[in-house]
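1. Take this sequence and fold it.
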Amino acid sequence: MIFFCFLPESPRWLVQKGRYEDALNALRKFRNADTREDKILIEFNEIKTGCLSSERERKNDKSFRQLLSNPVIMKALFVGSMLSIFQQLAGINTVMYYSATIIQMSGINDKSTAVWLSALTASINFIFSFVGLVLVERIGRRLLVLSSLCGVVFSLFLLAIGNSTYCSKNSTIPMTWTNEWCPSQYSWMTIAGLMFYLFFFAPGMGPMPWTITSEIYPLWARSFCYSVSTSFNWFFNLLVSLTFLTLTNLLTIYGAFYLYTGLAFFGLVMFFFILPETKGKKLEEIECLFKGSLFRIGLNQTNLSQYDQVDGLVNASQSTVVTNASNESNTVVTVTGTVKMM
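-> Just a heads-up that it's a prediction; the model follows:
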């Protein structure tokens, strides 16, 4: 919380407050030193145009019914909600809440050992969360989510195989009767599955649903959409957490993990088609991604709009940058030009 005090204001927020000069300075600070001034000015005007549009939408006081009738909003809301739902249906909080119990069920009879092993797996989640910080701007959100889900499917399948193996090929000498654990030479598979699970989940499916849902909603609908997707996240968190032990009784422990494997695989296939790449895109560009068919959003990554990158889209010879128009000591920048669609 102390470091939050030193976070700079975003250019978009400064524009919303009418602090245009501060917004321009913030953009210059956030961009590379070699970024041309005309690019910064064009980006500033795009932000300003977007903020004015959002303000008009807000003043129109969109009703709940109007939000639901907007196809762009509904597609973005569907993607964001599915990310939140499948983050939980992949079984993350089963692994986090019940890791010591799962380790005991796999054949580790000492409770203290099981607790320490669960702490080790939790530390993997902490460490590899930082890997996501490095990869998110290098490989993008979409690839990080899909690769994370691939690893999660593999890890859940390993957990299911490990538990089903010890149930069918269990040690019988010496014989020990217990209702909490079952001695087995395959305990290592369960422990490895838990570690692999958090290794793959932490950089991708852990933080990316929150990152992506904060990027795909237009400003005027963001509070409503973010509330809905967050509600889905917590509801399915509760559902998965409450039903795990019941599932182990109904389906056996390996049956429960086979179920999670199937759900994670379904999510992987779905996100391959519906999840767009938002890396490096402005709010206006992201909104354009949702104007096409829902199940082709993830495949149509080359869609261009009037807000696409300046290179190749703006005819520089016809662009005129007019600056120093002042309004109550706030600098207003106007850019006019001909946009050439590729």
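
2. Show the low-confidence segments of the stretch 151-300 of the chain, by residue range.
-> 166-184 (pLDDT under 70).

3. so where do the helices sit in it?
-> For the stretch 151-300 of the chain, applying DSSP state H, counting those that start in this stretch gives helices covering 187-201, 208-213, 222-251, 253-274, 283-289.

4. Show me what the shortest one is packed against.
-> For helix 208-213, the helices and strands in contact under the criterion 3 or more C-beta pairs under 8 Å, 6 or more residues apart in numbering; DSSP states H and E are helix 71-89, helix 111-139, helix 141-168, helix 222-251. Every residue, glycine included, has its C-beta placed from N, CA and C.

5. Which one, of those helices, ends up nearest to Pro11?
-> Pro11 sits nearest to helix 222-251 of all the helices and strands packed on helix 208-213, at 16.9 Å, using C-beta to C-beta.

6. Give me the buried positions along that closest one.
-> 222, 224-226, 228-230, 232-233, 236-237, 240, 244, 247-248 (16 or more other C-beta atoms under 10 Å).

7. ok, back up a step: out of the helices of the stretch 151-300 of the chain, flag the one nearest Gln66.
-> Taking C-beta to C-beta, helix 222-251 is the member of the helices of the stretch 151-300 of the chain nearest to Gln66, at 10.8 Å.

8. returning to what we had before: closest to Lys17 out of the helices and strands packed on helix 208-213?
-> When the helices and strands packed on helix 208-213 are compared by C-beta to C-beta, helix 222-251 sits nearest Lys17, at 17.2 Å.

9. what number of residues lie near Val134?
-> Neighbours of Val134 under the rule other C-beta atoms under 10 Å: 10.

10. If you could redo that for Leu135, that was the one I meant.
-> 18.

11. In this structure it contacts Pro207, no?
-> No. Applying C-beta atoms under 8 Å, one finds Leu135 not in contact with Pro207, separated by 10.4 Å.

12. Leu24 touches Ile40, doesn't it?
-> Yes. Here Leu24 reaches Ile40: they are 7.1 Å apart, a contact under C-beta under 8 Å.

13. Give me the three-state assignment for Asn32.
-> coil (DSSP: H, G, I helix; E, B strand; the rest coil).

14. Check it and give its pLDDT.
-> Here the pLDDT value assigned to Asn32 is 73.

15. Now do it against Ile40, distance only.
-> Distance, Asn32 to Ile40, using C-beta to C-beta, to the nearest Å: 10 Å.

16. neighbour-wise, which of those two wins?
-> Neighbours of Asn32 and Ile40, each counted by other C-beta under 10 Å, are more numerous for Ile40; the result is 17 against 6.

17. Quickly find the element holding the more buried one.
-> Assigned by DSSP states H and E, Ile40 belongs to helix 37-59.

18. which parts of that helix are buried?
-> Buried, per 16+ other C-beta under 10 Å, within helix 37-59: 40-48, 50-51, 53-54.

19. Adding distance to Asn109 and pLDDT, write those out as JSON lines.
-> Output for these, formatted as JSON lines (distance: C-beta to C-beta, whole Å; pLDDT from 0 to 100):
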{"residue": "Ile40", "distance to Asn109": "64", "pLDDT": "85"}
{"residue": "Leu41", "distance to Asn109": "69", "pLDDT": "88"}
{"residue": "Ile42", "distance to Asn109": "66", "pLDDT": "87"}
{"residue": "Glu43", "distance to Asn109": "62", "pLDDT": "85"}
{"residue": "Phe44", "distance to Asn109": "65", "pLDDT": "87"}
{"residue": "Asn45", "distance to Asn109": "67", "pLDDT": "88"}
{"residue": "Glu46", "distance to Asn109": "63", "pLDDT": "85"}
{"residue": "Ile47", "distance to Asn109": "61", "pLDDT": "85"}
{"residue": "Lys48", "distance to Asn109": "66", "pLDDT": "86"}
{"residue": "Gly50", "distance to Asn109": "60", "pLDDT": "79"}
{"residue": "Cys51", "distance to Asn109": "62", "pLDDT": "82"}
{"residue": "Ser53", "distance to Asn109": "63", "pLDDT": "74"}
{"residue": "Ser54", "distance to Asn109": "60", "pLDDT": "72"}
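
20. and Leu278, what does it touch?
-> Let me fix one detail, which is that residue 278 is Thr and not Leu. Arg141, Arg142, Ile212, Glu215, Ile216, Ile286, Leu289 (C-beta atoms under 8 Å, 6 or more residues apart in numbering).

21. mind redoing it with 6 Å?
-> With contact set as C-beta atoms under 6 Å, 6 or more residues apart in numbering, Thr278 has these partners: Arg141, Glu215, Ile286.

22. Could you do Val72 as well?
-> Phe290.

23. From Gly50, how far off is it?
-> 14 Å.

24. same thing with Phe257?
-> Using C-beta to C-beta, which is the criterion applied here, Phe257 is 45 Å from Gly50.

25. Then Ile92?
-> 34 Å.

26. for Gly18, same thing?
-> From Gly18 across to Gly50, the span is 15 Å (C-beta to C-beta).
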